[in-house]
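>>> turn this into a model:
(2 chains)
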Amino acid sequence: KQEVTQIPAALSVPEGENLVLNCSFTDSAIYNLQWFRQDPGKGLTSLLLIQSSQREQTSGRLNASLDKSSGRSTLYIAASQPGDSATYLCAVRSTDKLIFGTGTRLQVFP
Amino acid sequence: DAGVIQSPRHEVTEMGQEVTLRCKPISGHNSLFWYRQTMMRGLELLIYFNNNVPIDDSGMPEDRFSAKMPNASFSTLKIQPSEPRDSAVYFCASSLLQRRAEAFFGQGTRLTVV
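As a prediction, this is how the structure comes out:
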């Protein structure tokens, strides 16, 4: 059974710092991995999608990497801003299912 | 496209009442997922459909929960009778059928059962 874990559970940093959020999964037989952002009381916004054959994806200040063999992905946020404050969730697609991690709650203070 | 549309956004109901949550997937998407999010358990997959057919409902907590997808543009999740422990945010998501496809989520329905 696929299990997805995210570390840390919460993170509070000053503006401008570069951040790394971690996601690990137990079964490396995945099709892709997706990173989402969730603002309080809101839905999930897709940030990046990495296919199993890819090593990384970039969008603006965000960079996500995937090491399928070790069951790990990282989301790198460069030059963090207060507007980046949200919960970040990773999800792996195993068979047809999208299995979510527990999330990292990020706060960036001015 | 307007994205995945869920209604209502908020629902408050009394214990024992029937609750129906609605979802309109992105046009052209043929996979649809229902998730429940709580503080204790995070995001849990309840059920998903491919081409309007339920594929896996193993996440549905009990018989009080049922889901239907009568056509490609509409799905419902029904709880009858509702209980206070059903209080959560329910999300609908859709994607293309391919397993490498990106999934898109609706804004969710916040259900409170009193």
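
>>> what residues does chain A have near chain B?
A:31-32, A:34, A:36, A:41-46, A:49, A:51-52, A:89, A:91, A:93, A:95-103 (C-beta under 8 Å from any C-beta of the partner chain). C-beta here means a position set from N, CA and C on the backbone, and glycine is covered the same way.

>>> so what's the gap between the helix or strand bottoming out on mean pLDDT in chain A and the chain middle?
Ranked by mean pLDDT, DSSP states H and E, the helix or strand of chain A with the weakest confidence is strand A:97-100, at a mean of 90. Distance of strand A:97-100 from its chain centroid, counting by C-alpha atoms, centre = their mean, to the nearest Å, is 13 Å.

>>> and the next helix or strand after it, which strands flank it?
Note on strand A:97-100: by DSSP states H and E, the next helix or strand toward the C-terminus is strand A:104-109. Strand pairing for strand A:104-109, using DSSP bridges, gives strand A:10-14 (parallel), strand A:86-94 (antiparallel).

>>> export strand A:104-109 as PDB, just CAs?
Taking C-alpha atoms only, strand A:104-109 is exported to PDB below (Å, rounded to 0.1, in the frame of the first residue of the first chain):
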ATOM      1  CA  THR A 104       3.900  21.000   5.100                       C
ATOM      2  CA  ARG A 105       2.400  24.200   6.500                       C
ATOM      3  CA  LEU A 106       4.700  27.100   5.600                       C
ATOM      4  CA  GLN A 107       4.700  30.500   7.000                       C
ATOM      5  CA  VAL A 108       7.000  33.200   5.600                       C
ATOM      6  CA  PHE A 109       7.200  36.300   7.800                       C
END
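
>>> next up, the contacts around residue 2.
Answering for chain A, as no chain was given. A:25, A:26, A:27, A:30, A:92, A:94, A:97, A:99 (C-beta atoms under 8 Å, 6 or more residues apart in numbering or on different chains).

>>> for residue B:35, see how far away the first one is.
Pointing back at residue A:25 there. Residue A:25 sits 18 Å away from residue B:35, going by C-beta to C-beta, to the nearest Å.

>>> buried subset of the residues of chain A next to chain B as a PyMOL selection?
The following PyMOL command selects only the buried members of those, with burial defined by 16 or more other C-beta atoms under 10 Å in any protein chain shown:
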select buried, chain A and resi 31+32+34+36+43+44+49+51+52+89+91+93+96+97+98+99+100+101+102+103
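
>>> quick check: closest non-adjacent residue to the residue at minimal distance from the centre of chain B.
The centroid of chain B falls nearest to residue B:34 when counting by C-alpha atoms, centre = their mean (3.2 Å). Leaving aside its sequence neighbours, residue B:34 sits nearest to residue B:46 (C-beta to C-beta, 6 or more residues apart in numbering or on different chains; 4.4 Å).

>>> list the buried ones in whichever strand or helix holds residue A:21?
Assigned by DSSP H and E, residue A:21 belongs to strand A:19-25. Of the residues in strand A:19-25, those buried by neighbour count under the rule 16+ other C-beta under 10 Å are A:19, A:21, A:23, A:24, A:25.

>>> with pLDDT added, can I get these in a markdown table?
Formatted as a markdown table, those follow (pLDDT from 0 to 100):
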| residue | pLDDT |
| --- | --- |
| A:19 | 94 |
| A:21 | 96 |
| A:23 | 97 |
| A:24 | 97 |
| A:25 | 97 |
